[in-house]
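> Sequence below, structure please.
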Amino acid sequence: SLLQEMAGICAAVLARRLPVRLPVTARSMYTARQVDKPVLVLGVVEGEEKDTFDLTPAGHRVNTLTGGDLASRLAGSGGVVKAGGSRVLGEVHQDVGQVVVVGLGKGGQGVDKEEEIHKGREAVRNAAAAGVRAATDMKAGEVNIEDFGDSEAAGEGAALANWVYQQFKKEKKTFPAIGQVEEVDSVGWENGLVLGNSQNLARQLMEAPANFLTPTQFCLEAEREMAGLPVELVVREEEWAKEMGMGSFLSVSRGSIEPAKFLEMKYSAGGDSKPVVLVGKGVTFDTGGISIKPSGKMDAMRADMGGAATVTATMKAVASMGMKVNLVVLVPLTENMPGGAATKPGDVVTAMNGVTIQVDNTDAEGRLILADALCYADTLEPRLVMDVATLTGAMSVALGTAATGVFSNKGEDFSLLAECGTSTGDRVWRMPLWQTYKDKMKNSPLADLNNISLTPGGGSCTAAGFLANFTTCPSWMHLDIAGVMENGGEVKYLGKGMSGRPTRTMVKFVEKLAV
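Got it, this is the predicted structure:
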């Protein structure tokens, strides 16, 4: 009988003689080092009628094993488990460990065109995250999660919830090892873990305190993360930047005792195709310079290198997944400090392309370092350039935490990126890159450009208009991630703190460009 078959399989699993499955063959996802039984996470779908529910296919198989006890225990444990919620049912069968059921909400959810998000995939991420968190609270050494019909999304949610920044904590929180209940789509699951863990890398870099993660240390961290992957990494010093004529970039580093670095990473798996170039703003701490910021919440400016973190994490994911693409990542790294040699408001600096810039606000420094990086990107003859930066508070005002603001000089590129954001749940929104904003940046009595607009309004748009002067690539996008830098609880499967967004959307976008 099926019950006997399931009992035999479970007994063999616990003896480490057969792979975990319910009830078809699969490779083992368990590890022999754990003594206790792994927690089992199963999904429940809200029924059409009030106070009704249905189990997922994996849930039905376990319910059959238990002679219906799973469903009856769930029905008697309270109301229907709501979307993103969890409930511990305990051991429902002697051969199965503790069972946690998680809510998926209504079944059959797909893309909501008005919201521009795939609600079904988001429900899976939230469910997987809820299961992992429940297992963590139970102090489980191992948790096995079903795929809820979408292995990749399940892997993403599980990985993102199974992390917290605790690098400098004496007492560290322990997390369970994550595995699959059954390998319906093992490739999707593994890709989901890579996507989730790549975003965790970005979160790790963004959270790190600035006295640790200096420009030099960032390069060392990148080197460690790329070890074993086919990624060529080159760290260039200030002298190289001077030789290249990067006066705009170097004007920002003048006030800090920490030397600036220019990090270049290259992954070549796309044959003869031109490279995709990602540029990440790498201001490892931003005081504002002489135009100093208010002291309140200045500690968050350790994450002003969020662009650098996300492009680095994207590179690791792309290389780990073996995408057939040529990818170059450029990261200008510096602090913005008000030291004795710091750039002063009104100073004029010259970018790599010969354009002169009047620096009227030293707190508008991100665009200064990106300007030279974009000029350098042009020398690589790219097929597409995307720069990513926590650039303007105006973007946070405009969009809040809901989406990354994107400026693009080619509609097809943005449409492709938006499609990726819908799938990953990390959305993007197109902002205007109109000539009127570009013209505002030319109002300078001393130089070709001003680094700020002298007329108020449209701060994120004028910043993008400024950057447009430093790239000739017909496919250029500027991502302003200032609004999505932190997560205050809006994204349920992320903990509070630096978000690492929109890493997964960027990875998926590069995948779309693969040959």
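> which residues does the closest residue to residue 51 other than its chain neighbours contact?
In space, and not counting its chain neighbours, residue 51 is closest to residue 80: 6.0 Å by CB to CB, 6 or more residues apart in numbering. The way it works is simple: take the backbone N, C-alpha and C, and place the C-beta from them, glycine included. Counting by CB atoms under 8 Å, 6 or more residues apart in numbering, residue 80 touches 44, 46-47, 51-53, 103.
> let's go with 7 Å and repeat that
Contact analysis of residue 80 by CB atoms under 7 Å, 6 or more residues apart in numbering lists 46, 51, 53.
> three-state assignment of residue 407?
strand (DSSP: H, G, I helix; E, B strand; the rest coil).
> still on that earlier bit, now which of the contacts of residue 80 would you call buried?
46, 53 (16 or more other CB atoms under 10 Å).
> By pLDDT, give me the weakest of the contacts of residue 80.
Ranked by pLDDT, these bottom out at residue 51 (88).
> isn't there a strand covering that residue?
No: under the criterion used here (three-state DSSP), residue 51 is coil, not part of a strand.
> List phi and psi for it.
Per-residue torsions, residue 51: phi 60, psi 30 (degrees, to the nearest 10).
> how near is it to residue 106?
As for residue 51, its distance to residue 106 is 14 Å (criterion: CB to CB, to the nearest Å).
> Residue 61 now?
22 Å.
> Among these two, which residue is more densely surrounded?
residue 61 (21 against 13; other CB atoms under 10 Å).
> other SSEs contacting the host helix or strand of the more buried one?
Using DSSP states H and E, residue 61 sits in helix 57-65. Counting contacts by 3 or more CB pairs under 7 Å, 6 or more residues apart in numbering; DSSP states H and E, helix 57-65 packs against helix 2-14, strand 39-46, helix 69-75.
> average model confidence for the first one?
Okay, so that is helix 2-14. On average, helix 2-14 scores 40.
> how much space is there between residue 147 and residue 491?
From residue 147 to residue 491 the distance is 21 Å (CB to CB).
> Also residue 52?
Taken as CB to CB, the span from residue 52 to residue 491 is 29 Å.
> In contact with the nearest residue to residue 458 once chain neighbours are set aside, which residues?
Leaving aside its sequence neighbours, residue 458 sits nearest to residue 437 (CB to CB, 6+ apart; 6.1 Å). Going by CB under 7 Å, 6+ apart, residue 437 touches 458, 461-462, 464-465.
> do the same with residue 249
Counted by CB under 7 Å, 6+ apart, residue 249 has contacts 241, 260, 332, 368-369, 372.
> May I ask which of the residues you listed has the most neighbours?
residue 332 leads those on contacts (other CB under 10 Å) with 33 neighbours.
> Chain neighbours aside, what residue packs nearest to residue 79?
Per CB to CB, 6+ apart, closest to residue 79 is residue 51, 6.7 Å.
> cool, residue 130 as well?
residue 86 (4.2 Å).
> and the one you found, how far is that from residue 494?
In terms of CB to CB, residue 86 sits 17 Å off from residue 494.
> quick one, phi psi at the nearest residue to residue 150 once chain neighbours are set aside?
Setting aside the residues directly before and after it, residue 150 is nearest to residue 124 in space (CB to CB, 6+ apart), at 4.6 Å. Per-residue torsions, residue 124: phi -70, psi -40 (degrees, to the nearest 10).
> Could you report the pLDDT at residue 124?
98.
> how many other residues sit next to it?
32.
> Just to check, it is in contact with residue 148?
Yes: between residue 124 and residue 148 there is a contact at 4.5 Å, judged by CB atoms under 7 Å.
> which residues do these two both contact?
Common neighbours of residue 124 and residue 148 (CB under 7 Å, 6+ apart) are 104, 154.
> and the gap between the spatially closest residue to residue 165 that is not a sequence neighbour and residue 305?
Of all residues not flanking residue 165 in the chain, residue 207 sits nearest, at 4.0 Å (CB to CB, 6+ apart). According to CB to CB, residue 207 stands 11 Å off from residue 305.
> quick one, phi/psi of the spatially closest residue to residue 502 that is not a sequence neighbour?
Distance criterion CB to CB, 6+ apart; nearest residue to residue 502, sequence neighbours excluded, is residue 426 at 4.3 Å. Here is the backbone geometry of residue 426 (degrees, to the nearest 10): phi -110, psi 90.
> can you count the residues close to residue 426?
24.
> now swap in residue 439 and tell me
12.
> looking at this, it is in a helix?
Yes: under three-state DSSP, residue 439 sits within a helix.
> And it, what's its pLDDT?
Reading off the model, residue 439 has pLDDT 97.
> How about the secondary structure of the nearest residue to it once chain neighbours are set aside?
Closest residue to residue 439 apart from its sequence neighbours, by CB to CB, 6+ apart: residue 465 at 7.7 Å. For residue 465, the assignment made with three-state DSSP gives helix.
> show me what contacts the residue nearest to residue 502?
Contacts of residue 426 by CB under 7 Å, 6+ apart are 501-502, 504-505.
> Against residue 402, how distant is it?
Taken as CB to CB, the span from residue 426 to residue 402 is 10 Å.
> Same question for residue 176.
31 Å.
> re earlier: neighbour count for residue 147 and residue 491, which is higher?
More neighbours surround residue 147 than the other of residue 147 and residue 491, with 26 against 21 (other CB under 10 Å).
> which residues touch the more buried one?
Here residue 147 is in contact with 154, 180, 184-185, 189 (criterion: CB under 7 Å, 6+ apart).
> Among the residues you listed, which one lies nearest to residue 298?
residue 154 (38.4 Å; CB to CB).
> A helix includes that closest one, no?
Yes: the assignment for residue 154 by three-state DSSP puts it in a helix.
> how about it, what does it touch?
So residue 154 contacts 124, 128, 145, 147-148, 189, 192 (CB under 7 Å, 6+ apart).
> what's the answer for residue 235, then?
With contacts defined as CB under 7 Å, 6+ apart, residue 235 is in contact with 219, 261, 263.
> Kindly export the lengthiest helix in the chain (C-alpha atoms) in CSV.
Ranked by residue count under DSSP state H, the longest helix found in the chain is helix 186-207. Extracted in CSV, the C-alpha atoms of helix 186-207 (Å, rounded to 0.1, in the frame of the first residue of the first chain):
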residue,chain,number,x,y,z
SER,A,186,16.6,20.7,-8.5
VAL,A,187,18.1,23.2,-10.9
GLY,A,188,15.5,25.7,-10.1
TRP,A,189,16.1,25.1,-6.3
GLU,A,190,19.8,25.5,-6.6
ASN,A,191,19.4,28.7,-8.7
GLY,A,192,17.1,30.0,-6.1
LEU,A,193,19.6,29.5,-3.4
VAL,A,194,22.3,31.2,-5.5
LEU,A,195,20.0,34.2,-6.1
GLY,A,196,19.1,34.4,-2.4
ASN,A,197,22.6,34.0,-1.2
SER,A,198,23.9,36.6,-3.7
GLN,A,199,21.5,39.1,-2.2
ASN,A,200,22.7,38.1,1.2
LEU,A,201,26.2,38.9,0.1
ALA,A,202,25.1,42.4,-0.9
ARG,A,203,23.4,42.7,2.5
GLN,A,204,26.5,41.6,4.3
LEU,A,205,28.6,44.2,2.5
MET,A,206,26.1,47.0,3.0
GLU,A,207,25.7,46.3,6.8
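> Done for today, thanks.
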